[in-house]
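Asker: Here you go, sequence then predicted model.
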Amino acid sequence: GVKIVTIGGGSSYTPELMEGFIKRYDELPIREIWLVDIEDGKEKLETVGTMAQRMWDASPYDVKVHLTLDRREALKDADFVTTQFRVGLLDARIKDERIPLSYGMVGQETNGAGGIFKAFRTIPVILDIVEDMKELCPNAWLINFTNPAGMVTDAVVRYGKWDKVLGLCNVPVGAMMAEPELIGKTLDELVYSFAGINHFHWHRVRDLQGNDVTGEIIEKMYSNDSGIPANIHDIPFFLDQVKQMNMIPCGYHRYYYRTEEMLNHMLEEYNDPAVGTRAQQVKQTEAELFELYKDPNLDHKPEQLSKRGGAHYSDAACETIASIYANKNTHIVVSTKNNGAVPDLPADTVVEVSAYIGAAGARPIAFGELPAAEKGWLQVMKNMEQVVEEAAVTGNYALALQAFTINPLIPSGETAKRVLDELLIAHKKYLPQF
Ligand code: NAD
Ligand code: G6P
Ligand code: MN
């Protein structure tokens, strides 16, 4: 049987993960699941972990869910390690959102100054986990969900020197679930190709005759629900611009293609005490979810979890693990080593692309060169991320300032430096490297 270890097991998403594993038990026979958390997440771990065990007990399968604060005990002989932790919990995210916004800049979990600081807090922790894995489960696969998933996954490869890693995101899953019906098709009648980096990818769609139907989907999107995650405000892209690209941008591109409008929306909503920042809204949802999880009669994933932006996350995570284990060669969009699939970026860097997932990991599918505008964006963003990663590993202040300077959502100057300094102080506890 398979041993799964989930780091950040106290997350409210854990039932989503259990549901995905229960659904796939026939192809992925799990023996035991270890949910790992830290002292600060102990209560959450106990509540959601007990709920997770109830889900298995209500299934036909005999799986034991272990709860522990001892990561090393859990990692011993693991087959798959999934990560869904948040260093500093939602209070740290509130600071990532609130501080940049108070200076008139986008305050977001994975973008702009907030995203950079989430990387600073997270990368040292993931590298520690990799060191433990080298010792305790050297053959395991690391399936990373922890944001910023692209940078975290890239850091595992570049600095952790660990290649058996795949980064995942639910955004491509959401697009593939919502779009086909817009043109009266089902997913298996279409061929999807994604390329870019996490939260900054585009995709094209063809039918089984090879005709490009991207434009058709784009036209329909403007009159329908486009399937973007619940956490992103739905300001439409300029139709002319998207038609020119003939690619569908991901929801997060709104922060770059409509910065002005997204910022104005954030200023309005986040500064409204009745609404608050996204993390403040999520805190509310999380409290409701944990109340439900405490109910000893609840043994399935509650509907309310769909209020979180990461809905359907297990469709990516559990399908990836099942595809590796059963050598299924399924098409899944993952963050993995480029190896030429996106020729505009180096071969040894991590990109988010369509890939076939099987026993040997990911085989990325060639996307080809991007048009000039998208290539420019992608190269800036990828290089910005590399500077962030190096700053996260070294604690070098000048590199952090460089990352701020080239990040397109941070206007350079005195104010940017002030935001950097203020975030460094606000997150001091979680930034021992600086
Ligand atoms: P959360 O705030 O509930 O945190 C999850 C758990 O991580 C908490 O119980 C916390 O105590 C624990 N934790 C913190 N530091 C830890 C450490 N050093 N070791 C072990 N556990 C630790 O977070 P959430 O809202 O459930 O999100 C979890 C993570 O998954 C975040 O990083 C989030 O950005 C990410 N996420 C990614 C996607 C995606 O598309 N890739 C989707 C959803 C969530
Ligand atoms: C999206 C992204 C995730 C992100 C999440 C935020 O779907 O893919 O990477 O973490 O939404 O959702 P939340 O409910 O925490 O705002
Ligand atoms: Mn994501």
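Answerer: Perfect, I can see it now. Ligands and ions are numbered 1, 2, ... in the order given.

Asker: what about the closest residue to ligand 1 within the stretch 201-350 of the chain, is that helix, strand or coil?
Answerer: Proximity of the stretch 201-350 of the chain to ligand 1 (Cβ to the nearest ligand atom) peaks at Gly310, 2.7 Å away. To be clear about C-beta, it is placed using only N, CA and C from the backbone, and glycine gets the same treatment. Secondary structure of Gly310, reduced to three states by DSSP: H, G, I helix; E, B strand; the rest coil: coil.

Asker: For the stretch 51-200 of the chain, which residues are neighbours of ligand 2?
Answerer: Contact residues, the stretch 51-200 of the chain versus ligand 2 (Cβ under 6 Å from any ligand atom): Glu109, Asn147, Cys169, Asn170, Val171.

Asker: one more time with 8 Å, if that's ok
Answerer: With Cβ under 8 Å from any ligand atom as the criterion, the stretch 51-200 of the chain meets ligand 2 at residues Arg93, Glu109, Thr110, Phe145, Asn147, Ala149, Cys169, Asn170, Val171, Gly174, Asn198, His199.

Asker: among those residues, which two are most distant?
Answerer: Arg93 and Gly174 (20.8 Å; Cβ to Cβ).

Asker: Could you report the neighbour count for the residue nearest to Ala391 when sequence neighbours are not counted?
Answerer: Spatial nearest neighbour of Ala391, chain neighbours left out: Leu399 (3.8 Å); criterion: Cβ to Cβ, 6 or more residues apart in numbering. Counted with other Cβ atoms under 10 Å, the burial measure for Leu399 works out to 17 neighbours.

Asker: Glu286 is in contact with Asp91, isn't it?
Answerer: No - counting by Cβ atoms under 8 Å, no contact exists between Glu286 and Asp91, whose distance comes to 11.8 Å.

Asker: Settle it for me: which of these two has more neighbours?
Answerer: A side-by-side neighbour count of Glu286 and Asp91, using other Cβ under 10 Å, places Glu286 first with 18 against 12.

Asker: name the helices or strands packed onto the helix or strand hosting that one?
Answerer: Here Glu286 is covered by helix 278-293, with elements defined by DSSP states H and E. Using 3 or more Cβ pairs under 8 Å, 6 or more residues apart in numbering; DSSP states H and E as the contact criterion, the secondary-structure elements in contact with helix 278-293 are helix 42-57, helix 89-102.

Asker: can you list the residues that contact that helix?
Answerer: The set of residues external to helix 278-293 that reach it, using Cβ atoms under 8 Å, 6 or more residues apart in numbering, is 12, 15, 44, 47-48, 50-51, 90-91, 93-94, 96-97, 108-109, 231, 270, 275, 298, 302, 304-305, 307-308.

Asker: what ranges of the protein fall below the confidence cut-off?
Answerer: For the chain, residues meeting the criterion pLDDT under 70 lie at 223-229.

Asker: Up against ligand 2, what does the stretch 301-434 of the chain have?
Answerer: Counting by Cβ under 8 Å from any ligand atom, the residues of the stretch 301-434 of the chain that sit close to ligand 2 are Lys307, Arg308, Gly309, Gly310, Ala311, Tyr313.

Asker: one more time with 6 Å, if that's ok
Answerer: Selection of the stretch 301-434 of the chain residues close to ligand 2 by Cβ under 6 Å from any ligand atom yields Arg308, Gly309, Gly310.

Asker: Contacts only, for the first one.
Answerer: With contact set as Cβ under 8 Å, 6+ apart, Arg308 has these partners: Ser12, Tyr13, Ala230, Asn231, Val282, Thr285.

Asker: roughly how far apart are it and Pro273?
Answerer: Counting by Cβ to Cβ, to the nearest Å, the gap between Arg308 and Pro273 amounts to 22 Å.

Asker: before we move on, what about the second one?
Answerer: For Gly309, the distance to Pro273 (Cβ to Cβ) stands at 22 Å.

Asker: Which residue of the two possesses the greater neighbour count?
Answerer: Neighbours were tallied for Gly309 and for Pro273 using other Cβ under 10 Å; the higher tally belongs to Gly309 (18 against 7).

Asker: In this structure, which residue sits closest to ligand 1?
Answerer: Proximity to ligand 1, evaluated over the chain using Cβ to the nearest ligand atom, is greatest for Gly41 at 2.2 Å.

Asker: Give the burial count for that residue, as a bare number.
Answerer: Every residue meeting other Cβ under 10 Å relative to Gly41 is counted, giving 20.

Asker: Confirm for me that it is in contact with Val87.
Answerer: No - taking Cβ under 8 Å as the definition, Gly41 is not a contact partner of Val87, at 10.8 Å.

Asker: Return the set of buried residues in stretch 264-284.
Answerer: When neighbours are counted by 16 or more other Cβ atoms under 10 Å, the buried residues of stretch 264-284 are found to be Met266, Tyr270, Gly276, Thr277, Arg278, Ala279, Gln280, Gln281, Val282, Lys283.

Asker: now swap in stretch 89-105 and tell me
Answerer: Leu89, Ala92, Arg93, Ile94, Lys95, Asp96, Glu97, Arg98, Ile99, Pro100, Leu101, Met105.

Asker: circling back: does ligand 2 sit close to the helix holding Glu286?
Answerer: Yes - contact check for helix 278-293 against ligand 2, using Cβ under 6 Å from any ligand atom: residues in range are Arg278, Val282.

Asker: The helix or strand Met266 falls within packs against which elements?
Answerer: Met266 belongs to helix 259-270 when assigned by DSSP H and E. For helix 259-270, the helices and strands in contact under the criterion 3+ Cβ pairs under 8 Å, 6+ apart are helix 89-102.

Asker: Just the residues contacting the helix it packs on, thanks.
Answerer: Taking contacts as Cβ under 8 Å, 6+ apart, the residues outside helix 89-102 that touch it are 40-41, 86, 106-109, 112-115, 117-118, 121, 266-267, 270-271, 277-280, 282-283, 286, 410, 419, 422-423, 426-427, 430.

Asker: now the helices for the stretch 301-434 of the chain?
Answerer: Taking DSSP state H, counting those that start in this stretch, the helices of the stretch 301-434 of the chain run over residues 313-325, 372-394, 397-406, 414-426.

Asker: neighbours around Glu135, how many?
Answerer: For Glu135, the tally of surrounding residues (other Cβ under 10 Å) stands at 10.

Asker: what does His312 give?
Answerer: Applying other Cβ under 10 Å, we find 18 residues neighbouring His312.
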